[in-house]
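[1] give me a model of this one.
(one chain, ligands or ions: 2)
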Amino acid sequence: MKVLVINPGSTSTKVAIYENERCIFLETYEHSPEELAKCETLMDQEPLRRNCILSALEKAGFKIEDFDAIAARGGILPPLESGTYVVDERMVNYLKHESPVKHVSNLACVIAYELANGKVPVYTTDPVSVDEMVPEARFSGIPEIERKSLSHALNIKIVCRKVATELSKALEELNAVVAHLGGGISIAAVEKGKIIDVNNANDEGPFSPERTGELPVGDVVRMCFSGKYTKDELKKKFVGRGGLVAYLGTNDLRKALEMAKKDRNALLVVKAMAYQIAKEIGGMCAVLKGKVDAIILTGGMAHSNEFVEMIKEHVYKFAPIFVLPGEFEMEALALGTLRVMKGEEKAKIWGGPNG
Ligand SMILES: Nc1ncnc2c1ncn2[C@@H]1O[C@H](COP(=O)(O)OP(=O)(O)O)[C@@H](O)[C@H]1O
Ligand SMILES: CCCC(=O)OP(=O)(O)O
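    Ligands and ions are numbered 1, 2, ... in the order given. Now for the predicted structure:
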């Protein structure tokens, strides 16, 4: 079976071709901030991203009709169960016109559905809005605001599957704390394979290479009413220009670590990020009442041994640590679709915004 995998990210568009479980082609197209700035809205990026996919297909020598299915990264749908979903017109319309958060992952299903044009089935696995949170995790502190489960669910689930296999367990038997350490950070408490609590990767948790994470609320209110910023400016300051970017002018941990060799302040900033990550991991160990089979460190920043050590020194006593650097999103999408195509799992049908 052949599966085309599509994953538009904030700075790149990734395209892969899987022949059963084997990746036979992978192409990453980087997008400069200047290129993306020409698109006023997120959906304006559609032609640019679609052209990347068409170029990849031409390079690989395939047509859409050659595939048994397309697997697309899932965007910000209303909260939903983990699993692989059929991408249909209703889902595409929601992602295009109604999704409350304009996240780049919304583009994948839209483009895949248009390219498939009814000839090839399209699926999405573990979208960003997978929600398995326990009731007590939903409280924010005021009734008007409910905490949201918006995370790197796709990568979190696949690294849990990999570690469960290593521990000779089924996913449904694994208790783990997973820290996805990318441009944004999600730290999840996974109980028996389910993400029962996780920081919203845009709004909560540790500061990350380009996001502030949680902030002191009184100071945020003062900033909002200072008259110095528009709403859009503040949103960008918190998501995109926060964290390492705000402190050190780069979202690249490698550059920050280079700076840290000569500059004590840069070292302190990197250590502070590791400290905040460790603190969140500790909190999620408490969520699991200390019954933790594994602490899993994944995402781009887990490539740095130096950074991993800074986190480990705080949390090594809590559980065995597994480091799975990078992300496995393309593989997770392909495998999710293959499980459905091979009849190992039933595809879910999204019930619509109220269903
Ligand atoms: N080899 C590496 N060593 C240290 N940091 C790395 C390495 N590779 C990537 N990173 C860092 O990981 C972060 C991006 O992670 P990644 O998972 O690629 O992000 P995203 O997919 O969210 O854009 C950046 O800060 C980047 O500098
Ligand atoms: C909104 C949660 C998922 C997320 O932050 O993804 P990216 O880091 O890819 O933007």
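[2] can you dump the C-alpha coordinates of stretch 266-284 into PDB?
    The C-alpha trace of stretch 266-284 is given here as PDB (Å, rounded to 0.1, in the frame of the first residue of the first chain):
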ATOM      1  CA  ALA A 266      22.600  33.400  27.800                       C
ATOM      2  CA  LEU A 267      23.600  30.400  29.900                       C
ATOM      3  CA  LEU A 268      21.100  31.400  32.600                       C
ATOM      4  CA  VAL A 269      18.300  31.800  30.100                       C
ATOM      5  CA  VAL A 270      18.900  28.300  28.700                       C
ATOM      6  CA  LYS A 271      19.100  26.900  32.200                       C
ATOM      7  CA  ALA A 272      15.800  28.700  33.100                       C
ATOM      8  CA  MET A 273      14.100  27.000  30.200                       C
ATOM      9  CA  ALA A 274      15.400  23.600  31.300                       C
ATOM     10  CA  TYR A 275      14.300  24.400  34.900                       C
ATOM     11  CA  GLN A 276      10.700  25.300  33.800                       C
ATOM     12  CA  ILE A 277      10.500  22.100  31.700                       C
ATOM     13  CA  ALA A 278      11.700  20.000  34.700                       C
ATOM     14  CA  LYS A 279       9.200  21.800  36.900                       C
ATOM     15  CA  GLU A 280       6.300  20.900  34.500                       C
ATOM     16  CA  ILE A 281       7.600  17.300  34.300                       C
ATOM     17  CA  GLY A 282       7.500  17.100  38.100                       C
ATOM     18  CA  GLY A 283       4.000  18.400  38.100                       C
ATOM     19  CA  MET A 284       2.900  15.700  35.600                       C
END
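[3] are it and ligand 1 in contact anywhere?
    No: using C-beta under 6 Å from any ligand atom, stretch 266-284 stays clear of ligand 1, coming no nearer than 9.8 Å. In short, each C-beta sits where N, CA and C put it, glycine included.
[4] Ala332: what's it in contact with?
    By C-beta atoms under 8 Å, 6 or more residues apart in numbering, Ala332 lies in contact with 125-126, 154-155, 157-158.
[5] whoops, I mixed them up, Gly193
    Residues near Gly193 by C-beta under 8 Å, 6+ apart: 157, 160, 164, 170-174.
[6] from these, which land in helices?
    Among those, the residues falling in helices (DSSP state H) are 157, 160, 164.
[7] contacts with ligand 1 among the residues you listed, please.
    Near ligand 1, by the rule C-beta under 6 Å from any ligand atom, you find none of these.
[8] going by distance to ligand 2, which of those residues wins?
    Within the ones in helices among the contacts of Gly193, the smallest distance to ligand 2 is 13.2 Å, found for Lys157 (C-beta to the nearest ligand atom).
[9] excluding residues flanking it in the chain, which one is nearest that closest one?
    Spatial nearest neighbour of Lys157, chain neighbours left out: Asp126 (5.1 Å); criterion: C-beta to C-beta, 6 or more residues apart in numbering.
[10] next, format the contacts of Ala332 as JSON lines and append pLDDT.
    Supplementary listing: those in JSON lines, determined by pLDDT from 0 to 100:
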{"residue": "Thr125", "pLDDT": "98"}
{"residue": "Asp126", "pLDDT": "97"}
{"residue": "Leu154", "pLDDT": "97"}
{"residue": "Asn155", "pLDDT": "97"}
{"residue": "Lys157", "pLDDT": "98"}
{"residue": "Ile158", "pLDDT": "98"}
